[in-house]
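Visitor: What follows is a predicted structure for the sequence shown.
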Amino acid sequence: MYIPQQTEHARQHFFRKSNLIALRELALRCMADRVDKQMQVYCRDRAIADTRPMTERLLVGVSPSPLAARLVRAARRMAARLRAEWLVVYIETPAHLRLPEADRQRVVQTLRLAEQLGAETVILSGQRVSDEILAYARARNVTKLVVGKPVHPRWRDMVFGSILDELVRGSGDMEIAVIRGEPGDSRPLSSAVLQRTSSGLAYGWGMAGIALCTLLAWLVFPYLAEANLVMIYLLGIMAIAVRCGRGPALWASVLSVVAFDFFFVPPYLTLHAADAQYLLTFTVMLLVALVISTLTVRLRQQADAARQRERRTASLYAMSRDLASTQGRDRLLQIAARHISAVFDSRVAILLPGAGGALQACEWVEEEREMHDESRVQARTYVPVPMSRAWPSGSMPINRWRGWAPPRSPVPRPCICP
Amino acid sequence: MAGLGTATLPSATALYLPMIASRGAVGVLAVQSARPQSLLAPEQVHWLETCASQTALALERAILAAEAQHA
């Protein structure tokens, strides 16, 4: 629909010959796809064996980059054209743990998108991205690798090595398609942002730790050589890294160098050093302190991550066991709700299809009750609460659900289906 | 998946996961946490999905058992 003034504008700018030809091409392509589908349906209905069996298998390597979603969509089109199965692989390297939350979230979204588009998704863990991709591709008889074009500067390839290069060299019989996006690179586009996680108090503890080290070093100063005083500081920094985290440890590393210079390097009680040799001492001391603190903190992070995983896995085991040994719908739901809410410290509700296809909700609310023998022991039970009365049948019933805050925008976003 | 942190209704306060068993969806699991960020970590979402499918299987078993008794 055009108003008269726009008609002329549209004729000159949109309805040009090139655009029209492009549109015609798109339309014909859609038609070809459709005929192809009809052919497939016909063959399937008559149980005619597919004359063109699936011979290709695509493997797509994705990264946490925002371009990965585009890569997945492009790969899907490619797979559809080749009538190929396709796999989407993400390699979890040790660097993955240090990625910002947003990047990790994006990986999951990319993989979910791929699943929705019909891919098989796999998360592998390994040290080197290229080795893992190639090994997995060989194991699955992949005929074609799809990775994104690199967008990082060239010097990074020269310094850290290029994943794309290694893939090309190691791929053997496989074809490699490099399309727009980023290669299966685990380095994020936005380099890991250092989030402040330690409190001011932790920094205070770091300072106190170095003060303690200085005191200790001062006490043994007459008996020990300077090199051994440095060791006292390094020990202190390690303890601070374990107890307080990354920021305080770095802070303590710098402080220790200053304190060492101030108290134990002649001329004493100044920041000057009489001998230029001490510069080397300071530099190495700082470097060693930084490395020690970084390694210690990373170790702690990995241990924390492992512990969390362990906890989740244990609760999953417990839940499966309980579910397997239980009869009855309500009991089952009760067990599931209890286990899930215990791990997340959250409210859990389960909605089930009721009569007439409408969803009916049951929420298990933790209630404290007095025992019947009046011993005033508080027992926690999960009580199914029928939600139907608090849940009028509106257009968006789910969000009016028992005091759960409604969304700020009541209009649902259109869901773009591929 | 819908609700908090997903593409569908991201401003809702809870995360909704489908419970899918072999015969299709048997229900919806809704989780609301005091700390929404902890809910959205990829590992947690994976874990929740696993929980949802476990529950779905158990639920389907219960439904089938009930159907068999009625028959």
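Guide: Arrived safely, thanks for sending. Residues are numbered from 1 along each chain as shown, chains lettered A, B, ... in the order given.

Visitor: so who does B:His70 touch?
Guide: In this structure, B:His70 makes contact with no residue, judged by C-beta atoms under 8 Å, 6 or more residues apart in numbering or on different chains. C-beta coordinates here come from the backbone N, C-alpha and C atoms, glycine included.

Visitor: roughly how far apart are it and A:Asn228?
Guide: 83 Å (C-beta to C-beta, to the nearest Å).

Visitor: swap in A:Gln327?
Guide: 70 Å.

Visitor: A:Trp218 too?
Guide: 13 Å.

Visitor: A:Ala318 too?
Guide: Taking C-beta to C-beta, one finds A:Ala318 at 52 Å from A:Asn228.

Visitor: A:Val62 too?
Guide: Separation of A:Val62 from A:Asn228 (C-beta to C-beta) stands at 51 Å.

Visitor: how about the residues of the stretch 251-400 of chain A that lie near chain B?
Guide: Counting by C-beta under 8 Å from any C-beta of the partner chain, the residues of the stretch 251-400 of chain A close to chain B are A:308-309, A:312, A:316, A:319-320, A:323-324, A:326-329, A:332-333, A:336, A:339-341, A:343-353, A:359, A:361, A:398-399.

Visitor: Need the buried ones from the residues you listed selected in PyMOL.
Guide: Per 16 or more other C-beta atoms under 10 Å in any protein chain shown, the buried members of those correspond to this PyMOL selection:
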select buried, chain A and resi 312+316+319+320+323+326+329+332+333+336+339+340+341+343+344+346+347+348+349+350+351+352+359+361+398+399
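
Visitor: Flag the shaky bits of the chain, pLDDT-wise.
Guide: Just going to use chain A. Where chain A drops to pLDDT under 70, the residues are A:1-2, A:48-54, A:181-198, A:354-418.

Visitor: oops, I was thinking of chain B
Guide: Using pLDDT under 70, chain B drops low at B:5-7, B:37-38, B:40-42.

Visitor: could you pull out the helices for it?
Guide: For chain B, the helices defined by DSSP state H occupy B:36-40, B:42-70.

Visitor: Mind checking those for the one nearest to A:Arg298?
Guide: Nearest to A:Arg298 among the helices of chain B is helix B:42-70 (18.0 Å), distances taken as C-beta to C-beta.

Visitor: who has more neighbours, A:Val62 and A:Asn228?
Guide: Comparing A:Val62 with A:Asn228 by other C-beta atoms under 10 Å in any protein chain shown, the one with more neighbours is A:Val62, at 31 against 12.

Visitor: residue contacts, the more buried one?
Guide: A:68, A:71-72, A:88-90, A:107, A:110-111, A:114, A:184.

Visitor: which one among these gets closest to chain B?
Guide: Distance to chain B, by C-beta to the nearest C-beta, is smallest for A:Val107 among the contacts of A:Val62, at 6.7 Å.

Visitor: Pretty sure the closest one sits against A:Tyr90.
Guide: Yes. Between A:Val107 and A:Tyr90 there is a contact under C-beta atoms under 8 Å: 5.6 Å.

Visitor: what residues are shared contacts of those two?
Guide: A:62-63.

Visitor: out of these two, which sits in the busier spot?
Guide: Between A:Val107 and A:Tyr90, counted using other C-beta under 10 Å, the more crowded position is A:Tyr90 (26 against 22).

Visitor: who's that one bridged to?
Guide: A:Val62, A:Ile123 (DSSP bridges).

Visitor: What distance do you get for it to A:Ala119?
Guide: Here A:Tyr90 is placed at a distance of 12 Å from A:Ala119 (C-beta to C-beta).

Visitor: quick one, what contacts the nearest residue in space to A:Val89 that is not next to it in sequence?
Guide: Nearest residue to A:Val89 in three dimensions, chain neighbours excluded: A:Val122, at 5.0 Å (C-beta to C-beta, 6 or more residues apart in numbering or on different chains). Going by C-beta under 8 Å, 6+ apart, A:Val122 touches A:87-90, A:136.

Visitor: Need the residues you listed in a markdown table (columns: distance to A:Lys149).
Guide: Output for those, formatted as a markdown table (distance: C-beta to C-beta, whole Å):
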| residue | distance to A:Lys149 |
| --- | --- |
| A:Leu87 | 20 |
| A:Val88 | 17 |
| A:Val89 | 18 |
| A:Tyr90 | 18 |
| A:Tyr136 | 21 |
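
Visitor: Return the member of those residues nearest to A:Gln6.
Guide: The closest of the contacts of A:Val122, once distances to A:Gln6 are taken by C-beta to C-beta, is A:Val88, at 43.5 Å.

Visitor: Would you mind giving both backbone torsions of the closest one?
Guide: phi -120, psi 130 (degrees, to the nearest 10).

Visitor: In which helix or strand does the nearest residue to it once chain neighbours are set aside reside?
Guide: Using C-beta to C-beta, 6+ apart and skipping residues adjacent in sequence, the residue nearest A:Val88 is A:Ala114, 3.9 Å away. Using DSSP states H and E, A:Ala114 maps to helix A:101-116.

Visitor: relative to helix B:42-70, how tilted is that helix?
Guide: 40 degrees (axes from the mean of the first three to the mean of the last three C-alpha atoms, to 10 degrees).

Visitor: Name the residues of helix A:101-116 that come out as buried.
Guide: Result for helix A:101-116 [16+ other C-beta under 10 Å]: buried residues A:103-114.

Visitor: do the same with stretch A:222-240
Guide: Here stretch A:222-240 shows A:229-230, A:232-234, A:236-240 as buried, counting by 16+ other C-beta under 10 Å.

Visitor: Contacts for stretch A:322-339 next, please.
Guide: Counting by C-beta under 8 Å, 6+ apart, A:315, A:318-319, A:348-350, A:352, A:362, A:364, A:382, A:384, B:29, B:51, B:54-55, B:57-59, B:62-63, B:65-66 sit against stretch A:322-339.

Visitor: Go again with 6 Å.
Guide: A:315, A:319, A:348, A:350, A:364, A:382, B:55, B:58-59, B:62 (C-beta atoms under 6 Å, 6 or more residues apart in numbering or on different chains).

Visitor: Cool, thanks, signing off.
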